[in-house]
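Visitor: Got a sequence here, can you build the structure:
(one chain, ligands or ions: 1)
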Amino acid sequence: MWILVGLLCGIITLSWYLLFIKKFSYWKERGVLHPPISKLFGNLKQTVFFQKSEGELYHEMYRKYSQFPYVGFYRIRKPAILLRDPELIKDVLTSNFSSFSDNGIDIDGSNGPIMANNTFFTNGTEWKKNRSQVTPSFTTKQMKLYFPLMQIVAKRLVRYLEDSRISSGGIEAQELCEKYTMDVVGTCVLGLDAKSFDSSTTDYIRFAKQIFSTDLVTTINFMLLSIAPRIAHLLKIPIIPKSSANYYKTIIDEAIKYRNDNNVIRDDFLKTMIDLQEKLGSDNFTSDKLSGHIFSFLIDGFITTSLVLAFVLYEIAANIDFQEKLRSEIENKMGEGEKSIMDYESLHDLTFFNSLINETLRLHPIITFLTKRCTKEYVLPPMITNGKSVVLQPGIPVIIPTFSLHYDSANFSNPTKFDPHRFDGKDDKIKKGSYVPFGEGPRMCIGQKFALAQIKAAVIHIILNYDIRVNDKTKTPLEYNWQELFLSAKGGLWLDFIKRH
Ligand code: HEM
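Guide: Below is the predicted model:
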């Protein structure tokens, strides 16, 4: 009897030691500091209980450990590291990319085939293959084809603003920009008119927003996938709602069928994908893969770009001097009063415009942190003077806190001030590794050129036709919705568009 009780106590003590003491001594054994932990949830207890988002917790860690190049933490029970030093970040994203080539989120077919083929979620050789398949669709040559199409939609947006029933009392810019970006991706990806300006909300937008919804189920699913992937795979947790996946799959299939049946040839993303399938054969480039790439473009390019565009319009409205300066730069290039189409090459000369967008992306980095995973041993310098180097083992998650880097006065003087001129002139004014709104290195955002062209097309045509002002309904100073997947403004960005001339 006593032997049995002793054995039971031994098992309980050993389990306690392995589960809580040993597991959470990982960083201490390696001389790495970390914030105090909760025994069950490591450093993410507040995220698990919906009190704070992961992004907010990382921002707190970043500020608390301001003396150090990095800080350890426990992502629930998994040791992870948050990098602070821009030099180190540059090394991880570029020079030593091979040690951090994974994005750290694992999804497979069990979480939904359409998303499993998204370049962002693939790793290793599958990622390399995916990335090389879509890269030719994002070249300057392709952008030259897309830019006029974007401007046709921008002109539709301008016409939409002319309706005083819509514009009186202010317009919420985030919603306005969703309509615009959905129409742009519809046109450039599938050659479809999403008709977003024709009604208050369309199915295209409704199903896309469902994907990024922060309702309880979607949030728990996403949390499980990023911090407990094995359980998520076991439970076949879908990364996006089935209704959204089915809706877009049907639209993509219909668009392909229509093109094949009617022999339609259109220079857009769908054509590059159909051409690729013909070249590689449908065994190597399956219809799931084709739909996956198209879906990825529709979705990755929609909310992200619309939020950034809304912030750009807000900053233009809030800073009237910059608005005048931008307008005259655009008018000089386009010819005053002439409101036709600008060619893609001309964008190159709009240097203030570039600085203004770069500064908006610094001040409002809608993706507040990047996740990477160590894929090959990597040696970190000692955390403290006279400490020992730390060997990062494959599998360790690595967080790059974009928001914190952008708001650190060591990287940007007077960081809360909107000042496009900090991006004027040479690139070396900005410390490498301290400014990463699109990431950096081989896994940098593939849609960057597309997103910037899309934003510019809208701003050019709006600013030539309207003075933009901040409407009183906007809560200033701005507060962010940190619980959303992408950073947005609480209460919305309400703007007035006042017709010029
Ligand atoms: C202004 C809007 C956008 C922002 C701020 C943005 C930002 C980002 C960021 C931060 C990453 C992660 C980079 C990393 O982990 O190092 C990323 C990846 C990615 N983005 Fe974007 N993005 C935007 C628009 C777009 C658009 C329009 C597309 C259209 C196709 C797109 C497609 C992707 C893809 C496929 C990846 C994964 C790349 C890879 O893993 O190789 N993004 N984006």
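Visitor: pretty sure residue 366 belongs to a strand, no?
Guide: No - assessed with DSSP: H, G, I helix; E, B strand; the rest coil, residue 366 is coil; it does not lie in a strand.
Visitor: That one is in contact with residue 489, isn't it?
Guide: No - using CB atoms under 8 Å, residue 366 is not in contact with residue 489; the gap is 10.5 Å. Where you see a C-beta, it was placed from the backbone N, CA and C, and this is true even at glycine.
Visitor: Return every residue with contacts to both of these two.
Guide: residue 311 (CB atoms under 8 Å, 6 or more residues apart in numbering).
Visitor: tell me what the longest helix along the chain is packed against?
Guide: Determined from DSSP state H, the single longest helix within the chain is helix 140-162. In this structure, helix 140-162 packs against helix 173-185, helix 448-465, with contacts taken as 3 or more CB pairs under 8 Å, 6 or more residues apart in numbering; DSSP states H and E.
Visitor: Could you check how far residue 220 is from the ligand?
Guide: 23 Å (CB to the nearest ligand atom, to the nearest Å).
Visitor: Residue numbers of the stretch 301-450 of the chain in contact with the ligand?
Guide: Within reach of the ligand by CB under 6 Å from any ligand atom, the stretch 301-450 of the chain has these residues: 301, 304-305, 308, 366-367, 370, 437-439, 443-447, 450.
Visitor: any idea which of these is the one closest to residue 357?
Guide: Distances from residue 357 to those, taken as CB to CB, are shortest for residue 308 (7.9 Å).
Visitor: Is it correct that that closest one is in contact with residue 364?
Guide: Yes - with contact defined as CB under 8 Å, residue 308 reaches residue 364; the gap is 7.3 Å.
Visitor: Could you check how far the closest residue in space to residue 144 that isn't next to it in sequence is from the ligand?
Guide: Nearest residue to residue 144, sequence neighbours excluded (CB to CB, 6 or more residues apart in numbering): residue 344, at 4.6 Å. Counting by CB to the nearest ligand atom, the gap between residue 344 and the ligand amounts to 16 Å.
Visitor: quick one, what contacts residue 344?
Guide: 140, 143-144, 147, 453.
Visitor: Report the separation between the most centrally placed residue in the chain and residue 486.
Guide: The structure's the chain has its C-alpha centroid closest to residue 367; by CA atoms, centre = their mean the separation is 4.5 Å. Plainly put, residue 367 is 6 Å away from residue 486 if you go by CB to CB, to the nearest Å.
Visitor: Need the overlap of contacts for these two.
Guide: Joint contacts of residue 367 and residue 486 (CB under 8 Å, 6+ apart) are residue 304.
Visitor: give me the number of residues near the closest residue to the ligand within the stretch 251-400 of the chain?
Guide: Residue nearest to the ligand within the stretch 251-400 of the chain: residue 301 (2.9 Å; CB to the nearest ligand atom). Other residues lying near residue 301 total 23 when counted by other CB atoms under 10 Å.
Visitor: which residues touch it?
Guide: Residue 301 neighbours (CB under 8 Å, 6+ apart): 181, 185, 189, 447, 450-451, 454.
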